[in-house]
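Undergrad: Task: produce atomic coordinates for the following.
(one chain, ligands or ions: 1)
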Amino acid sequence: MEGRRTAALLLPFAFVVIILIFLTALSLGVQSNLRAYIGGESSWAKAEKDAVLALNAYASSGSEQDFRRFLDKLSVPLGVRIARLEMNKATPDHEIVKRGLMAGGAAEQDIGGIRRLYGASKYLPLMRRGIEYWEQSDGYILQLRDIGDQLRSLVLTGQRDSPATRSLLVRVRAIDEALGPIEDGFSRSFVHAFRRTTVALISMLVFSALMLLAACAMFVHRSLARGNQLQAKLIKSEERLSLGFRGSNAGLWDWDIVQDRIYYSDWISELLGYERNALTRASDAIAEFVHPEDVEQVRNALRGHLKENHVFDVEFRVKAFGGSLIWCKTRGQAIRDKRGYATRMVGSLLDITDRKHAEADAHVEHELAQVTLASIAEAVIRTDDAGRITYCNRVAERMFRRVSADMLMLPFSEICRTFNQDGDAPAPDALERVLRSERSAETTTDIYLRGPANEKIWVERSVAAMHDAQARVIGSVIVLRDVTEKRKHAAQLSYKATHDELTGILNRGEFERRLSTLLDQSASAYSEHAVLFLDLDQFKIVNDTCGHAAGDDLLRSISATLMRGLRSADILGRLGGDEFGIVLTHCASTQALRIAEEIRRTIAELGFVWANRTFFTGVSVGLFTPPPGMRSLKDVMKAADIACYIAKESGKNQVQVFSRDDEALCARHNEMEWVERLKSAIRRDQFCLYTQKVVALGEARPASDKHVEILLRMLDDDGQLIEPVAFIPSAERFGLMPEIDRWVIKNAFSALAEVMAADPGSIHTWAINLSGASIGDDRFLAYIIEQQQMFGVPLSSVVFEITETAAITNFTKAAALISRLHELDCRFALDDFGAGMSSFTYLKHLSVDFLKIDGSFVKEILDNPSDKAIVESINQIGHALGKMTIAEFAESDEIVACLKSLGVDYAQGYAIGHPEPLLGARAAQQRHGVTRSIAPAPLATWVR
Ligand SMILES: Nc1nc2c(ncn2[C@@H]2O[C@H](COP(=O)(O)OP(=O)(O)OP(=O)(O)O)[C@@H](O)[C@H]2O)c(=O)[nH]1
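TA: Here you go, the predicted structure:
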């Protein structure tokens, strides 16, 4: 291959050189032949001259020697003539030619050339002319020979001095003179031919030399171009290699094993941060760069490759210049000599730090995921895109009672069959939908699967699709949460929440909820239902004589009896104590009355035996059949309750159908009852005080100002807290408010004194509500002063709140009281401001310090623009009149923010704080047996 390429490269040169040699040989040959002709002419001309001289000498001497010299000299042109004549023939005799030419003085070695040149002369015009001269001379030579012959005859005949001889000599002279130009012409022709030939040959030689030069130049140019091309290719290839390596975060190393010299590409030295030639011996480089823990691994891999030809592919850590560790991966291949010894090894080094970190992170994440999955309480199953299980956590193993290995690659639907709660119908296949990309995730509740003992395991199932980078579904994750216990618990809770613990029938809440639903339904499609309110008569006697257990038993017995007598569609509930409620659904009033009577009779005849004693208890039944469209549960219950109350009032153990007249009677009765209860409460100290915070929204007051409103609660016989809204109207109607106000002032002042003693550093502002009746009471001011002196509280800490209505009703007295108490440093707040119509007119004349904006505006302030506008204008007017403003019912942070933005000075409400028992309130509650925790009561001042 190499030889052929060389031959191909040298061929043009060889060709040119051959041509050059040929031309040189040809030119030398032609030159030599031409020279032979010229030389021949010279010999010929000399011989002719000598022959003329010899003939002249013979003519004068008559010496035979001169004559022979004449003949001898004449033989030269004659020989040449013979040769030429022979060469003119079609097939010349070379021997004759040779002899002729040699007779003419030509050298033997020139004979061939002379002959070839003569042959070519016909085609060469330059030669032709010379030949013509040669031919011209023939006649003269022949004449000369004849003259010679004639002269000899004359000499031999002794006429040597005869005129004939002289005439012959004149002819000889003439011939000699005629031959001169012919010889010159011949000679000139050949010299000219020689020159022309020389020029032609030199031109050809020059041309050939130029050709050779051109070929050389072309060759050199092509070689250079090719060299450049190769160099460019090399540079490009190196560039590619280097960029390729760089781009793939890799470098190149080349280890001359024989010399133990290692070369690194720039990238590697940059990566490591060392000089390129820092360490050139491979063993040193491994010891120096490779992390000590990885050195052995690298050496083993190297040995394995060099000795056993194992793949050299190893990952290790490298210590970079600054001390940081870089993860590298190297691969390499040894080059071996004929004996199989590795002489060189070349390889790449890849920076895999990012990948290793990512792997480490992924590992941590995987671990985290695995540990999380293993430790969570739900069964987690992963499937492939065909729904085959690829992973199960422990909970799943427990749920299916199978180990993961047994379940792998089995269809999930085969392992876990789920059923709907209604019957044993298979639950919809969420997995299939998710895998078909119909949904990305689906959660199903109220489904169950069968446990190993065929028990129901209720689960909540979530199926979510897993996607690849192209958003194709590659599998799913199924989470099964065992909600069996939760369901049981929920069912229990629900049962507890809706049923009465003692009797097992519905409790009041559930009874009312179902009744309410019925009322709603009957509003759209009227159906008559009857509501019965039952209250056992003289039940207390059972409790009192036989104890509560007996009472409980009786309640259970009556519940069971009632339950037995009712249809399944009817509703039976225990409304509290010894009260029961029944709803006879789809039951006309006449029929309901009959059934109510039946129930009454059944209970009355029910003999309850306890401790060998038999009790009979009657029941008072109120019956109410809600008219079409009546939806208020409260009204319905109230009507049935009133009917029951009337039944009791009318002698017990009877059924009373509700009538409107009963309502008024009942209301009056209620109030009377409240009067009694209130009087008893005052007597027995059955009240307690609560406080609710009032906070400054702006910078109006220092943070140490503890501003609260004092709220009143009543405690009933059963220890229940009663909101003021329940008893204040009765107290007002029956003139009990001054007494209650006094109770509040006394207890509030006492508590304030205690609080101030315990916390002397703070400013305390207590707002106490006053009723209209107290404002009109002439002795009230004296009472306040008396209490103030008794407890030593500063009246500057007291703000009396009076309602707008109370102030207006007792305007003159209110103004006087305010003025008098102002003198004592007391402050006033106008409560529920804005609720009345004439607010602004009176406001000018009442020197109150605070305006309490009516809560009904504040409550809706965020949703109702007019309420907001009212609050804003009250606030502005209040400020214009030099009064501070307080907004009640600040129930949310948003409302507080809104109030603040409007510039309201203070806010009060659930967002600030719920009512809390004041000092001693808990003691009072305990004293009076409050058993339930005190739930936050709605903001309601007791003077309303
Ligand atoms: N054993 C028992 N007694 C209860 C239960 N709940 C309330 N009571 C009592 O039931 C009685 C109901 O009071 P009342 O209805 O006024 O008593 P009564 O004797 O039936 O009086 P009248 O209804 O006027 O005939 C109170 O004594 C309660 O203590 C309970 O769960 N078990």
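
Undergrad: quick one: low-confidence ranges for the stretch 701-850 of the chain?
TA: 701-704, 836-841 (pLDDT under 70).

Undergrad: ignore the last one, the chain
TA: For the chain, the ranges with pLDDT under 70 are 1-3, 276-279, 422-425, 427-428, 662-669, 672, 700-704, 836-841, 919-944.

Undergrad: Now the closest residue to the ligand within the chain: closest residue in space, sequence neighbours ignored.
TA: As assessed by CB to the nearest ligand atom, the ligand sits closest to Gly551 within the chain, at 2.5 Å. For the C-beta atoms, the positions are set from N, CA and C on the backbone; glycine is no exception. Using CB to CB, 6 or more residues apart in numbering and skipping the chain neighbours, the partner closest in space to Gly551 is Asn543 (4.1 Å).

Undergrad: and the residue of the chain closest to the ligand, which of the three is it?
TA: The local conformation at Gly551, judged by DSSP: H, G, I helix; E, B strand; the rest coil, is helix.

Undergrad: and it, how many residues sit next to it?
TA: Neighbours of Gly551 under the rule other CB atoms under 10 Å: 23.

Undergrad: what's the distance between it and Tyr264?
TA: Computed as CB to CB, to the nearest Å, the Gly551 to Tyr264 distance reads 100 Å.

Undergrad: Near the ligand, which residues of this protein? Just list them.
TA: With CB under 6 Å from any ligand atom as the criterion, the chain comes near the ligand at residues 502, 535-540, 543, 548, 551-552, 555, 577-578, 648.

Undergrad: name the helices or strands packed onto the helix or strand in which Ala214 is found?
TA: Under the criterion of DSSP states H and E, Ala214 resides in helix 163-247. Helices and strands touching helix 163-247, by 3 or more CB pairs under 8 Å, 6 or more residues apart in numbering; DSSP states H and E, are helix 2-61, helix 125-156, strand 250-256, helix 266-272.

Undergrad: List the buried residues in the second one.
TA: Put plainly, it is helix 125-156. Within helix 125-156, the residues that count as buried by 16 or more other CB atoms under 10 Å are 126-127, 129-131, 133-134, 137-138, 140-141, 143-145, 147-148, 151-152, 154-155.

Undergrad: just how off-centre is that helix within its chain?
TA: Mean-position distance between helix 125-156 and its chain equals 122 Å (CA atoms, centre = their mean, to the nearest Å).

Undergrad: try the last one
TA: When distances are taken as CA atoms, centre = their mean, helix 266-272 is centred 33 Å away from the chain's centroid.

Undergrad: ok, residues contacting it?
TA: By CB atoms under 8 Å, 6 or more residues apart in numbering, the residues outside helix 266-272 that reach it are 242, 245-246, 250-253, 275-276, 278, 289, 318, 320-321, 326, 349, 351.

Undergrad: Mark which of the residues you listed are buried, thanks.
TA: Buried, going by 16+ other CB under 10 Å: 245, 250-253, 289, 318, 326, 349, 351, out of the contacts of helix 266-272.

Undergrad: Which one of those residues is nearest to Ala209?
TA: Leu252 (50.3 Å; CB to CB).
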